[in-house]
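1. Predicted coordinates and the sequence they were generated for:
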Amino acid sequence: MKNKLRIAIAGAGMVTRHHLIAWSRLSELEVTAIYNRNLEKALGRAKEFSIPKAYSNMVEMLEKEKPDALGERLSHRLIQREVKIESILYEIF
């Protein structure tokens, strides 16, 4: 079996929930971490979808997890811009 694509996700709201439901049906994907400014929200989604790690600091998540891809599901435009800049800096697409 080939290696799974390791994905980290930014955001823990309702849109994220729907993405995680869809991604859970894809055997070639593995969600390894979730980020949200509110750690309790991230922990809740992590528990709901058996995601091993939850973070409230995006840079820490990217540095520790080194995902193959980053799913961005944040609602605030300034945060979206920050996440896109960080994903470029860490060469995560």
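-> Happy to help now that I have it. Note that the coordinates shown come from a computational prediction; the quantities given were computed from them, not determined experimentally. Numbering: from 1, shown residues only.
2. Poorly predicted segments of the protein, please.
-> 1, 73-93 (pLDDT under 70).
3. which residues of the chain fall in strands?
-> 5-10, 29-35, 53-55, 69-72 (DSSP state E).
4. Which among the ones you listed is found nearest to Met61?
-> When those are ranked by proximity to Met61, the top entry is strand 53-55, at 3.9 Å, counting by CB to CB. All C-beta spots, glycine's among them, are computed from the backbone N, C-alpha and C.
5. what comes up buried for stretch 26-45?
-> Going by neighbour count (16 or more other CB atoms under 10 Å), the buried part of stretch 26-45 is 29-37, 41-45.
6. mind checking how far it is from the chain centre?
-> A distance of 5 Å separates the C-alpha centroid of stretch 26-45 from that of its chain, computed with CA atoms, centre = their mean, to the nearest Å.
7. who's in contact with that stretch?
-> If you take CB atoms under 8 Å, 6 or more residues apart in numbering as the criterion, stretch 26-45 is touched by 2, 4-13, 16-17, 20, 23, 46, 49, 51-58, 61, 64-65, 67, 79.
8. Touching, Glu72 and Ala8? I think so.
-> No - look at Glu72 against Ala8 with CB atoms under 8 Å: they stay out of range, at 9.8 Å.
9. ok, those two, which is more surrounded?
-> A count of neighbours by other CB atoms under 10 Å puts Ala8 above the other of Glu72 and Ala8, at 26 against 17.
10. Spatially, which residue comes closest to the more buried one, not counting chain neighbours?
-> Counting by CB to CB, 6 or more residues apart in numbering, Pro67 is the residue found nearest to Ala8 once chain neighbours are left out, at 3.9 Å.
11. That neighbour: neighbour count?
-> Pro67, neighbours per other CB under 10 Å, totals 21.
12. This completes my enquiry, with thanks.
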